[in-house]
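S.K.: got a sequence here, can you model it:
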Amino acid sequence: MRLFCSFLLFISALAAETADWIWTGRYVVTMDAQRRVIEDGAIAIRGERILAAGAKAEIEKRYEARQRLDRPDAILAPGLISTHTHAAMSLFRGIADDLRLQDWLEHYIFPAEARNVNPDFVRWGTRLGCLEMLLSGTTTFTDMYYFEDVVAEAAKEAGMRGVLGETIIGFPSPDARTPADALTFTDRFLSRFHGDPLIVPAVAPHAIYTNSDETLKACRALANRHGAPLEIHLSETKRENEESLAKRKATPTQALDALGFFNGRTIVAHAVWVDEADLAILKARGVGIAHCPSSNMKLASGVAPVTRMLALDLAVGLGPDGPAGSNNDFNMFEEMDLAAKLQKVFTGDPRTLPATAAVEMATIRGARALGMEKEIGSLEPGKRADLISIRLDRPNAVPLYNVYSQMVYALKGSDVEDVMVNGKLLVKDAQALTLNAAQIEAKAREYGEQVQKSLR
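M.R.: You can find the predicted model right below:
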C-alpha cells in the first residue's frame, strides 16, 4: 500500500506543470476584468510571465514550483504603476517648498539644475528614487528628465520597469545646448533602448510654453518614427491656460491638437485646467493622463476633474511627480489615498472616486494610460510577473472588512514586504536585493551638501 501511494505521488508530480515561483497570500487582488479578489490565493510564475492566478489549493495542485514565497498575512497585488515622475530629482528633495510653480522653477530648480545636474548626479538620484519606489511597491515608473539614458541604465540595474522620456526644452539644459541637440540625443536614446524588456524609451518635450511649435512637431515626428510614446506637462496651472488663451486663442490641449501633437501614443501630466472640449479631444486621441494629486495640492495648481475623466472612461493613472517643490516623495499609496479624498472634497460627494477606482488608477488604468495594459497592471495569465505583497499583520491593517478600502485608506508604502518585476525578486522582507541602500543614502547626503553649497 505504501509503495502504491508513493507511486501515485510520483505520477502526480510528473503531471504537475513546472513553475519558477509560487506566491501565496491571504488575498490576491487580481485587477482583472472581473476585479476578482481571491481569498487564500496564489500566483504561479514562469520566467517573466504569470502562469496562473487562483485559489491556493488549485495552484498548488497544478504547479510544482522551484521557489516559493508564502505570505499568509498579506495581500498579493499588481505592482503599482507611476505614470509621472522625475526620479533623479530625489537629490533636490526639499530645497524649495511652499512656492508657486513658476517661482519654484525659475528661481530655484532651473538654477540648481544648471549648477549640479550631470550624468553622475542623475545616476545616483535615479538610484535613490528607484530604491524608494521599489520599497513602497512601485514596479513601473514614467520618467521625464535629462540624461535619460543614464536613468535607463540605473532603472535596469535596479530591475525596474520604466517608460523614460528624454526632456526637450527651449533653452540650454544640462545635456543639450539647443532643442535640436536634444532631439539628436533623444534619437540615439530611442534607438539604443528599442525593444528592451524593461525600458520603453520616450520623447518628452517639457511643455507647450517651454518649446516652439516647430520643436513640438519635431518631437511628434521623432516619436512616431521610432514607435515611441510622447510625454508632456499639460494645463498644470491656471497661468499656463490663460497665457495660451491670450497668445493662441486656444487652450493648451486645443493648441497641441491643432499641431497634430496627439497623433500617436501620448501621455500628459496633470491636465488640471481642462474643459469639456479638451476632454473630448483627449478621449478621441486616446491620450493617457497622469493625475498627480500631491503635486497639484502642494503647488496649489488646482484640482483636476478626475471624476469627469473617469465618467468618460479616459485612461487616467496616478503619479507622485518629482521630489523638490511639487512633491517630496514617490509614495503611490499616498497618491491613491489623496486622489480619492481630493475628488470627494472637490465634488462634495463622499461616494466620488471610491477606493476601487483609486486602486484601478494605480494599476490597470495606469497601465492603459501608458498603452501597456496588455503587459502589466493586473495579475493574469500571460502578463508580466510584476507583483507585490503588502503586510496585513500591523496595527494599521486590522481589522479588515474591504481589501480595496484597506489598500487606499489604511495601508502604507512601508507595509510593502516583497516586490517582483519581470519575474525577478527585487525586494524581500522589505529589503532591496538589487540596490545597495546604505551606499545610495550616503551618496545622497554628499550630493545634498553639494547642492546646498551651490545655492549660496
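
S.K.: following the biggest strand by length in the chain, which helix or strand comes up?
M.R.: Longest strand in the chain by number of residues (criterion: DSSP state E): strand 63-78. Next in sequence after strand 63-78, counting helices and strands by DSSP states H and E, comes strand 80-85.

S.K.: helices or strands up against the longest strand of the chain?
M.R.: Packed against strand 63-78, as judged by 3 or more Cβ pairs under 8 Å, 6 or more residues apart in numbering; DSSP states H and E, are the following elements: strand 17-29, strand 37-46, strand 387-391, helix 403-409, strand 416-421. Using the backbone N, CA and C atoms, a C-beta is placed for each residue, glycine as well.

S.K.: now the angle from that strand to strand 416-421?
M.R.: Between strand 63-78 and strand 416-421, the angle formed by their directions is 110 degrees, by axes from the mean of the first three to the mean of the last three Cα atoms, to 10 degrees.

S.K.: quick one, helices of the stretch 301-450 of the chain?
M.R.: Assignment of helices within the stretch 301-450 of the chain using DSSP state H, counting those that start in this stretch yields the ranges 306-311, 332-347, 355-362, 364-369, 403-409, 437-454.

S.K.: what does the second one rub up against?
M.R.: Counting by Cβ atoms under 8 Å, 6 or more residues apart in numbering, helix 332-347 makes contact with 80, 82, 133, 136-138, 291-294, 296-297, 303, 306-307, 318-320, 350, 352-355, 357-359, 361-362, 407-409, 411-413, 415, all of which sit outside it.

S.K.: hmm, which of those are the buried ones?
M.R.: Neighbour counting with 16 or more other Cβ atoms under 10 Å marks 80, 82, 133, 136-138, 291-294, 296-297, 303, 306-307, 318-320, 352-355, 357-359, 361-362, 407-409, 411-413, 415 as buried within the contacts of helix 332-347.

S.K.: can you list the low-confidence ranges for the chain?
M.R.: For the chain, the stretches with pLDDT under 70 are 1-15, 325.

S.K.: give me the residue at the spatial middle of it.
M.R.: Nearest to the centroid of the C-alpha atoms of the chain, with distances taken as Cα atoms, centre = their mean, sits residue 82, at 1.3 Å.

S.K.: residues near the closest residue to it other than its chain neighbours, how many?
M.R.: Leaving aside its chain neighbours, residue 82 sits nearest to residue 141 (4.3 Å; criterion: Cβ to Cβ, 6 or more residues apart in numbering). Applying other Cβ atoms under 10 Å, we find 29 residues neighbouring residue 141.

S.K.: in which helix or strand would I find residue 141?
M.R.: Counting by DSSP H and E, the secondary-structure element that holds residue 141 is strand 138-145.

S.K.: just the CA trace of that strand, in CSV.
M.R.: Extracted C-alpha coordinates of strand 138-145, given in CSV (Å, rounded to 0.1, in the frame of the first residue of the first chain):
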residue,chain,number,x,y,z
THR,A,138,6.1,50.8,-7.4
THR,A,139,7.3,48.4,-10.2
THR,A,140,6.9,50.7,-13.2
PHE,A,141,7.7,54.4,-13.3
THR,A,142,7.2,57.0,-16.0
ASP,A,143,10.1,59.5,-16.0
MET,A,144,10.9,62.8,-17.6
TYR,A,145,14.4,64.2,-17.1
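
S.K.: for it, name the packing helices and strands.
M.R.: For strand 138-145, the packing partners by 3+ Cβ pairs under 8 Å, 6+ apart come out as strand 80-85, helix 119-135, helix 148-158, strand 161-168, strand 416-421.

S.K.: adjacent strands (with direction) for that strand?
M.R.: With DSSP bridges as the test, strand 138-145 is paired with strand 80-85 (parallel), strand 161-168 (parallel).

S.K.: and the next helix or strand along the chain from the longest one with strand 161-168, angle?
M.R.: Taking DSSP H and E as the definition, the helix or strand that follows strand 161-168 towards the C-terminus is helix 179-192. Taking the same axes, to 10 degrees, one finds that helix 179-192 is oriented at 160 degrees with respect to strand 161-168.

S.K.: list the buried residues in helix 179-192.
M.R.: Residues of helix 179-192 classed as buried: 179, 182-183, 185-186, 189-190 (neighbour count, 16+ other Cβ under 10 Å).

S.K.: over to stretch 31-38?
M.R.: Residues of stretch 31-38 classed as buried by neighbour count (16+ other Cβ under 10 Å): 31-32, 36-38.

S.K.: residues contacting stretch 388-408, please?
M.R.: Judged by Cβ under 8 Å, 6+ apart, the contacts made with stretch 388-408 from elsewhere in the structure are 23, 25-27, 29, 37, 69, 71, 73-80, 137, 139, 333, 336-337, 340, 354-356, 358-359, 410-412, 415-420.

S.K.: swap in 6 Å and give it another go.
M.R.: Outside of stretch 388-408, the residues within contact range by Cβ atoms under 6 Å, 6 or more residues apart in numbering are 27, 29, 37, 71, 73-77, 79, 137, 336-337, 340, 355-356, 358-359, 410-411, 415-419.

S.K.: how about stretch 17-35?
M.R.: Judged by Cβ under 6 Å, 6+ apart, the contacts made with stretch 17-35 from elsewhere in the structure are 36-39, 41-46, 51, 53, 56, 63-78, 363-364, 378-380, 403.

S.K.: ditto for stretch 209-229
M.R.: Looking at stretch 209-229 with Cβ under 6 Å, 6+ apart, the contacting residues turn out to be 168-170, 179, 183, 190, 201-203, 205, 230, 240, 259, 261, 264-265, 267.

S.K.: if we can go back for a sec, neighbouring strands - and their directions - for the longest strand of the chain?
M.R.: Within its sheet, and counting by DSSP bridges, strand 63-78 is paired with strand 17-29 (parallel), strand 387-391 (antiparallel).

S.K.: tell me which of the ones you listed is the most buried.
M.R.: strand 387-391 (a mean of 26; mean count of other Cβ atoms under 10 Å).

S.K.: let me know the angle separating that one from strand 37-46.
M.R.: Angle, strand 387-391 to strand 37-46, by the same axes, to 10 degrees: 140 degrees.

S.K.: okay, the angle between strand 387-391 and helix 332-347?
M.R.: Computed by the same axes, to 10 degrees, the angle separating strand 387-391 from helix 332-347 equals 80 degrees.

S.K.: for strand 387-391, output the C-alpha coordinates as CSV.
M.R.: Only the C-alpha atoms of strand 387-391 are listed here, as CSV (Å, rounded to 0.1, in the frame of the first residue of the first chain):
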residue,chain,number,x,y,z
LEU,A,387,3.7,41.9,-8.3
ILE,A,388,4.0,43.0,-4.7
SER,A,389,3.0,41.7,-1.2
ILE,A,390,1.6,44.0,1.4
ARG,A,391,1.6,43.1,5.1
